[in-house]
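[1] can't give you the sequence, but here's the structure:
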């Protein structure tokens, strides 16, 4: 009887030691070990401003503090470690100076209640953090490069800060990256068409001037326009077209341009005698008539536009100014993205994302008539601002801070 009782006690002790029983906060010992390992490596570069709390957690392994740190780590992973309040203030100051600068922030909601419920449900920390991981391949690549370069004499503190800042920028990119997408890296003056991790196309672009910056944002491409007309934006009409027409009335005919009541070529024609051009010279605001350049081989937009509708009225297009692609710094547009190889992009996207064949798309192209070709598969377009970028060989490329965002975006730690 005593032997049987002793065996029962031993079995209970052994079994109890094998069961990973949650504590009062819901943490299992395996979850704690996993999280401490993630923190030790700072695997997702998200301790940031929580370093003091991390030191307490490392010292005490207190479950309440660990819960608090997990929520903060998820928040930093989801929404970055840039002081966004200061950045918004800087952007507002630029607007007062009439600098067109837009940087869309794609922030995610992190619910502490949900995260703590997942801990109590026994989920791994890795799985809890997974929804907040940036989708771009640049996120893990930049983290790997950052850790590898820390402590190397050949790398300056400023270079390390730049790499770290770009890690944070990947966190505030639009999370639905897309399996197939276009990535325009503004400070690199390059566009890539990505198929997952594979780069299908890569070539040079021209981006916005320093006071007419190409905005940082993301939207799905919806259609391609062949042989487009150019509907001159009111700001360009006021500050460029109208002054030229006032000086030389023949300017419109020479540049294949007409005036209409709206941006429809078939709408009512407007004569120069019917409008008071001088009243709309310079300044800002709506112009009640529109300048349109007809489709032609010499159209300022070239022969192709790739449209991803957005509030910034920005798109990618062909250009007549091919010589500008020879320049190292290519900040010449009014905000749109001009393409070095629009025809290659046209064939690729038409063949893979529309119902067109290379032959049918070129037939429409050669017609010199305007055609709108809708995409039948989803393709995101991301304009990004990455001043450090890890290439396929693992080399860290560094680019000039053309719009000053490296200066304007301050890390919160």
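    Looks like it came in fine. What you see is a predicted model, and the numbers here were worked out from it, not measured in a lab.

[2] make it CA atoms for all contacts and neighbour counts henceforth
    Will do.

[3] do you know how far the closest residue to residue 351 other than its chain neighbours is from residue 306?
    With sequence-adjacent residues excluded and distances taken as C-alpha to C-alpha, 6 or more residues apart in numbering, residue 351 is closest to residue 357, at 5.4 Å. Residue 357 is 17 Å from residue 306, where distance means C-alpha to C-alpha, to the nearest Å.

[4] Per the annotation, how does this protein divide into domains?
    Structurally, the chain divides into domains by automatic domain parsing as follows: 25-81+109-132, 176-228+298-397, 230-293.

[5] Out of those domains, flag the one nearest residue 99.
    The closest of these to residue 99 is domain 176-228+298-397. By C-alpha to C-alpha, the value is 4.5 Å.

[6] Would you pull up how far the closest one lies from the middle of the chain?
    Centroid separation between domain 176-228+298-397 and its chain, computed with C-alpha atoms, centre = their mean, to the nearest Å, is 14 Å.

[7] before we move on, back to that, so residue 357 and residue 306 - more neighbours on which side?
    Per other C-alpha atoms under 10 Å, whichever of residue 357 and residue 306 has more neighbours is residue 306, with 24 against 14.

[8] Can you tell me which helices and strands the lengthiest strand in the chain packs against?
    Ranked by number of residues, the top strand in the chain under DSSP state E is strand 198-208. With contacts defined as 3 or more C-alpha pairs under 8 Å, 6 or more residues apart in numbering; DSSP states H and E, strand 198-208 has these neighbours: strand 190-195, strand 331-333, strand 337-339.

[9] strands paired with that strand, and their directions?
    strand 190-195 (antiparallel), strand 331-333 (parallel), strand 337-339 (antiparallel) (DSSP bridges).

[10] Of all these, which one is nearest residue 91?
    Ranking those by proximity to residue 91 (C-alpha to C-alpha) places strand 331-333 first, at 19.3 Å.

[11] just checking, residue 207 touches residue 330?
    Yes: in this structure, residue 207 is within contact of residue 330 by C-alpha atoms under 8 Å, at 6.3 Å.

[12] list residues touching both of those two?
    With contacts taken as C-alpha atoms under 8 Å, 6 or more residues apart in numbering, residue 207 and residue 330 have residue 189 as neighbours in common.

[13] Counting neighbours, go ahead and name the busier of those two.
    Counted by other C-alpha under 10 Å, residue 207 and residue 330 do not tie: residue 207 has more neighbours, with 29 against 21.

[14] Out of the strands paired with strand 198-208, indicate the one that is most buried.
    Most buried of the strands paired with strand 198-208, by mean neighbour count (mean count of other C-alpha atoms under 10 Å): strand 337-339, with a mean of 27.

[15] what does that strand rub up against?
    Applying C-alpha under 8 Å, 6+ apart, the contact partners of strand 337-339 are 203-208, 214, 314-319.

[16] now with 10 Å?
    Here strand 337-339 makes contact (C-alpha atoms under 10 Å, 6 or more residues apart in numbering) with 184, 186, 189-191, 203-208, 214, 301-302, 304-306, 314-322, 325, 330-332, 345, 383.

[17] Over to stretch 394-407?
    Taking C-alpha under 10 Å, 6+ apart as the rule, stretch 394-407 contacts 87, 90-91, 101, 103, 141-142, 144-146, 159, 161-163, 165-166, 186-189, 208-214, 329-331, 385-391.

[18] In a strand, residue 54, correct?
    No: per DSSP: H, G, I helix; E, B strand; the rest coil, residue 54 lies outside any strand segment and is helix.
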